[in-house]
Each structure stands twice: as structure tokens, then as C-alpha cells.
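S.K.: structural data only, the sequence is not supplied:
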């Protein structure tokens, strides 16, 4: 067996996992409290804001224009949380005919539908098709090319 | 009470989470290093495909489009496993991973009549949060929990959750149904010897006298016997457990963020694991490394990463195991976190005598393999005679490039920005 160049099955985690623990500010050697103490270990962390449960949070990318009416554009990043119980009005990731799609959960005439807000895609009756809620979209991240 | 949580057909379930179309389809996952089946969906099992079947034997089925074969995606499996573990940890402080897809969970402090409800809740929660279906077996001992888990999975009326007490009505009929070969820690040879004494089912063993079992067989079997009776006798870190998995882990004496120190520990664990592997005539296909900070110190930043590195081919060679473990460690270690515990686990074990030679095994490598075997044997003897750690390895220098055959690997959905699922 040749010496192996092994392929790590995990990616390098980000160099600075957030929240990044700041090295402790040294309180003055003389024993005076450091003026920086109030800020110890504090940075603003987007994970803290957008990810409530890491175990059930998945990132997904949008392709296509079906959700443009709801302000979701092609290429947007979805923060999907599978722990949330879907309610009407939620943007959902659902499994429809074996495929994961993003739709809005609506109730029309007491019947559940998955709607896209684009007139060229008809709402899918959620009770008929073999479809299941996969997770609820908690946030949409739209990045501009800058 | 202790629970065993087992992820059903774990690798396949990870794949299905992101590709619902694979639901109901016979799916197999192949190892990248030797192209053998290492995970099967129930549908594939029903077609009579065994674990370890080489991919080429399945070509006819594949061509008829009756089955789907995927290359293993350890990065995905590692991430999904830690998600399952996180959900369990929210529920109980006592979670011990037993393998990548099995975890022991302490179910203490619940009223007996509420046990089933709590388990049911956990069952639904893990499925909903992580998309991984699980089975739960809860019992007074680990061996019984394992047995209850099997029951929960196999008998539809249990619906995936089985709480088993030694004084319950179902205890005897269930244990009568389970043959000794399916009892945790009872190997094939043992089954034959026990059959000569007329002991065939788990129930038979509970009726035997533990003292006699110890005299005629071993302390290990005596423990199994006691455990089946509902008397806890197996601790997780029992050194002599030969129970189908190899894990070496230890808590550091104190919290440490010292890279050298932790790396040294990982290397030691890797080497110990490889020794255990050789002792039981096994080969491993992948190496799993984890680090843990102290959960009970909320004042300190928490980071409990893990990583899986696939071996170039199934091996029991310390050098490769060590190298893989070091690589995994390097990928997950971050400074400033004070770690409490680290561990190395060997995954997807195969019987050394039944291993398929891979396509890349040229005669030279056969010769090399034999030389390696002799080297390893010498190494073990030296370390045994003169004390552990007498002879250890330096760092292997990666020379020849290894081509990982992962043609059918699904995207690493949860761990790479450029491989996220695309939604229409």
C-alpha cells in the first residue's frame, strides 16, 4: 500500500469559528480592572441571530424564479430550521414528488396549499400530493455583488 | 434506566434526508476505498444483498435500474451524526456515543409510567429535527437496551420504541424470541458452544447460573448473563469488551488547549485502537476523531467538533490509522478552546480474513502488506513485553497520491458552501 495522501472527509472548519473567543484581556498587572473588561469575549455573531438550533438548521440555495413574488431571488441563501412547526404564511422547504422545493404554506378554503406567488406556477394542494414539510425558512440572505 | 438510540440504516438515511426520491428505493452505500457495500436500505437487504458485497457483483441490478448505489460521503455522515447527538444532549446530560450511529443515553429521573412518553417524544424530535429515523431501546442494562432496540426496530407493533424491564410481562416472551447470536457481545463461536449446553435464546442464558458461566466461559459472558437478568455489569470503558466497535477515548486530567498535548493523546488513542483492531483480526475503513470542551462550564467557549477521515483501503496498520487520526485532528483543532476529552473511533470494520483485495492491490503491495503484517506483529509483541509505548511511530510522509474513488458521491450538503442543496 503506497503511503497515502488521505482525503479528509470533513472540511476545514472556518478559521475563526463564531463566536470567536477573544483572548482574555489582561487586567492591569497592578490589579486595576482593565477598562476593556466590559467587552470581554463579545463580538456580534450572525449565527447567534439566525441560527437558533444548530442541530436542526440547514443552509440551502434557491434556484429559479418561482419565489420572486415573495422576495426570494435566485441564488439567495435560505436558513432552514426543521424544528419549527409549520404554520400558514411560513415559507417552507417541502418534499414534493421526491424533490425538495421552497414554497409558501397557504390555506385557501380550509385546504392547505404550497404556493409560489408566481402566476405561472399553480399552488400545489398539500393534501393531495405526496408532500411533506421538511423545514421552515427562518431567514433569507441576499448578497449583492459589491 | 439506559437507552440505546440507533439510527436506522444510518448512511442511507443521511442520503435520503436530502434526496427524498430515494425513499422506498433499494439504496446501497459503497466504501470508496474498496468498493464494497457498507450500508444498505431495508429494500436492498430484502433483495438479498449482503454487507461487504463488492460493487461489481451488483452491476446487473444496477443496469436494470433496480437499485441505486452511492459512494460514501463520510463528511455528511459525520455532520448528521453530531446533529443527532446534539438533539439527544438537549434531552439528557448522559449521552455517550457508541459508534457513529449508536448512542447510549441515560434515562434517569423519569417516572416509570412516563418513560415511554418521553422516549416517544425523543423519537419524533430526532426524526423531525435531523431527518434521521431512529429506534430507541430502554432497559435497566446496556445489553438489554441493545436487545430492546432490536425489538423496537424489528417488531412493527413497537413502532420504533421499546421500554423493557426485567419484571415486565413481555420480558420472558421477548427474550425467548431472541437467539443468542443476536445478543450484544455473544460471538459466533460462543453461540455454538452454548448450543451444546442447550442454551439457544437470550432467555436460556438468563436461566443459567452466572458463576458457572464464568467458570466454563469467561467473565465477559458472565456479565452478559447478569445484564440480561437486568443487573448492570458493563461499563462503557470496559477494556475487555470485544463488541464490534473500537473506541479509545479519555478525559484529560484537566482542561487543556495545548495542541501538542492533545495531539499526543490522539496519536496514542489511534495506536491503541489499531492494536485492538489487530487483536480481533479486523480491518477498519475510516477513522473518527472527536474533541469535547466541558459542557458544564458555560463560562468557557464551547466547541465539540468531530471529523471522519477515510482510510485508503481497509487496514489494521497503525501507521495509516495514526496518519488519518492526525489529519482529522489537524482539521478540527482550534486554539483558545479548552478541551476536556478526546477520542478516536474506528469505523466500518471488516473481518481481516474476508476482506476483498482492492483493484489497486498489485502483487508488490501484497508483499508489502505481508511485510507490514510482520512489522505490526513485532510492534505489538514489543509493546506488550516491554510496556505500552515502547515502540511508536513517527509521522509517515505522504508520497504517492491516492485517488479516491468517489464517483457517485452525493454533495456534502451540510458542510460546504458550494455544495448546498438547490431548491426550486
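M.R.: That came through fine. Just so it is clear, the structure is predicted and the values come from calculations on it, not from any experiment.
S.K.: make sure residue B:105 is indeed in a helix.
M.R.: No - secondary structure of residue B:105, determined by DSSP: H, G, I helix; E, B strand; the rest coil: strand, with no helix assignment.
S.K.: quickly note the distance from it to chain A.
M.R.: Here residue B:105 is placed at a distance of 15 Å from chain A (C-beta to the nearest C-beta, to the nearest Å). To be clear about C-beta, it is placed using only N, CA and C from the backbone, and glycine gets the same treatment.
S.K.: contacts only, for that residue.
M.R.: Contacts of residue B:105 were listed using C-beta atoms under 8 Å, 6 or more residues apart in numbering or on different chains, and they are B:2, B:3, B:4, B:5, B:88, B:91, B:92, B:94, B:95, B:96.
S.K.: and with 6 Å instead?
M.R.: Under the criterion of C-beta atoms under 6 Å, 6 or more residues apart in numbering or on different chains, the contact list for residue B:105 reads B:3, B:5, B:88, B:92, B:95.
S.K.: for burial, what's the neighbour tally of residue 108?
M.R.: Going with chain A. Summarising burial for residue A:108: neighbours were counted as other C-beta atoms under 10 Å in any protein chain shown, giving 11.
S.K.: right idea, wrong chain: chain B
M.R.: Residue B:108: 10 surrounding residues under other C-beta under 10 Å.
S.K.: any idea of the pLDDT on the closest residue to it other than its chain neighbours?
M.R.: On the basis of C-beta to C-beta, 6 or more residues apart in numbering or on different chains, the spatially nearest residue to residue B:108 that is not a chain neighbour turns out to be residue B:1, at 6.9 Å. Residue B:1 carries a pLDDT value of 91.
S.K.: would you map out the domains in chain A?
M.R.: As given by automatic domain parsing, the domain ranges for chain A are A:12-50, A:52-141.
S.K.: hmm, the longest one touching chain B?
M.R.: When you say that, I think you mean domain A:52-141. Yes - contact of domain A:52-141 with chain B is found when judged by C-beta under 6 Å from any C-beta of the partner chain, involving A:55-56, A:59-64, A:82-83, A:95, A:98, A:100-102.
S.K.: beta-bridge partners for the residue nearest to residue B:94 when sequence neighbours are not counted, please?
M.R.: The spatial neighbour of residue B:94 that comes closest, neighbours along the chain excluded (C-beta to C-beta, 6+ apart), is residue B:106 at 3.1 Å. When bridges are taken as DSSP bridges, the partners of residue B:106 come out as residue B:2.
S.K.: list the contacts for residue B:106?
M.R.: The contact partners of residue B:106, taken as C-beta under 6 Å, 6+ apart, are B:2, B:92, B:94.
S.K.: for chain A, what are the low-confidence residue spans?
M.R.: In the predicted model, chain A carries pLDDT under 70 at residues A:1-42, A:128-131.
S.K.: how many neighbours does residue 100 have?
M.R.: Using chain A. 21.
S.K.: I was thinking of chain B, sorry if that wasn't clear
M.R.: Count around residue B:100 with other C-beta under 10 Å applied: 25.
S.K.: and the closest residue to it other than its chain neighbours, what helix or strand is that in?
M.R.: In space, and not counting its chain neighbours, residue B:100 is closest to residue B:81: 4.9 Å by C-beta to C-beta, 6+ apart. In this assignment (DSSP states H and E), residue B:81 forms part of helix B:74-91.
S.K.: in that helix, what counts as buried?
M.R.: Of the residues in helix B:74-91, B:74-89, B:91 count as buried by neighbour count, 16 or more other C-beta atoms under 10 Å in any protein chain shown.
S.K.: show me what the helix or strand where residue A:92 lies is packed up against.
M.R.: Per DSSP H and E, residue A:92 falls inside strand A:91-96. For strand A:91-96, the contact count by 3 or more C-beta pairs under 6 Å, 6 or more residues apart in numbering or on different chains; DSSP states H and E identifies strand A:99-108, strand A:131-141 as packing neighbours.
S.K.: OK, contacts around residue A:113?
M.R.: With contacts defined as C-beta under 6 Å, 6+ apart, the neighbours of residue A:113 are A:106, A:123, A:125, A:126.
S.K.: for residue B:230, same thing?
M.R.: B:140, B:166.
S.K.: next, give phi and psi for residue B:5.
M.R.: According to degrees, to the nearest 10, the main-chain angles of residue B:5 amount to phi -100, psi 120.
S.K.: now it: how far from chain A?
M.R.: Separation of residue B:5 from chain A (C-beta to the nearest C-beta): 14 Å.
S.K.: for that residue, which non-adjacent residue is closest in space?
M.R.: Among residues not flanking residue B:5 along the chain, residue B:103 sits closest, at 4.8 Å (C-beta to C-beta, 6+ apart).
S.K.: cool, and residue B:211?
M.R.: The nearest residue in space to residue B:211 (C-beta to C-beta, 6+ apart) is residue B:222, at 7.5 Å.
S.K.: for chain A, give me its nearest residue in the stretch 151-300 of chain B.
M.R.: Nearest residue of the stretch 151-300 of chain B to chain A: residue B:286, at 7.1 Å (C-beta to the nearest C-beta).
S.K.: that residue pairs with what?
M.R.: Beta-bridge pairing of residue B:286, defined through DSSP bridges, involves residue B:310, residue B:347.
S.K.: wait, it sits on residue B:308?
M.R.: Yes - counting by C-beta atoms under 6 Å, residue B:286 touches residue B:308, with 5.4 Å between them.
S.K.: what sits in contact with each of those two?
M.R.: Shared contacts of residue B:286 and residue B:308 (C-beta under 6 Å, 6+ apart): residue B:74.
S.K.: now the residue nearest to residue B:100: how far from residue B:102?
M.R.: When distances are taken as C-beta to C-beta, to the nearest Å, residue B:81 and residue B:102 turn out to be 10 Å apart.
S.K.: swap in residue B:174?
M.R.: If you go by C-beta to C-beta, the gap between residue B:174 and residue B:102 works out to 20 Å.
S.K.: next one: residue B:124
M.R.: Look at residue B:124 and residue B:102: by C-beta to C-beta, they are 19 Å apart.
S.K.: residue B:281 too?
M.R.: Residue B:281 sits 22 Å away from residue B:102, taking C-beta to C-beta as the criterion.
S.K.: which of the two has more neighbours?
M.R.: When residue B:281 and residue B:102 are compared on other C-beta under 10 Å, the one with more neighbours turns out to be residue B:102, at 20 against 12.
S.K.: beta partners of that one?
M.R.: residue B:6, residue B:99.
S.K.: correct me if wrong: it contacts residue B:7.
M.R.: No - at 7.3 Å, residue B:102 does not count as touching residue B:7 under the criterion of C-beta under 6 Å.
S.K.: where do the strands of the chain begin and end?
M.R.: Answering for chain A, as no chain was given. In chain order, chain A shows strands spanning A:57-62, A:77-81, A:91-96, A:99-108, A:111-115, A:124-125, A:131-141, with DSSP state E as the criterion.
S.K.: wrong one, I was asking about chain B
M.R.: Under the criterion DSSP E, strands of chain B are mapped to B:2-7, B:27-30, B:37-40, B:68-71, B:95-99, B:102-106, B:134-139, B:161-163, B:246-256, B:282-293, B:306-315, B:339-347, B:350-351, B:422-423.
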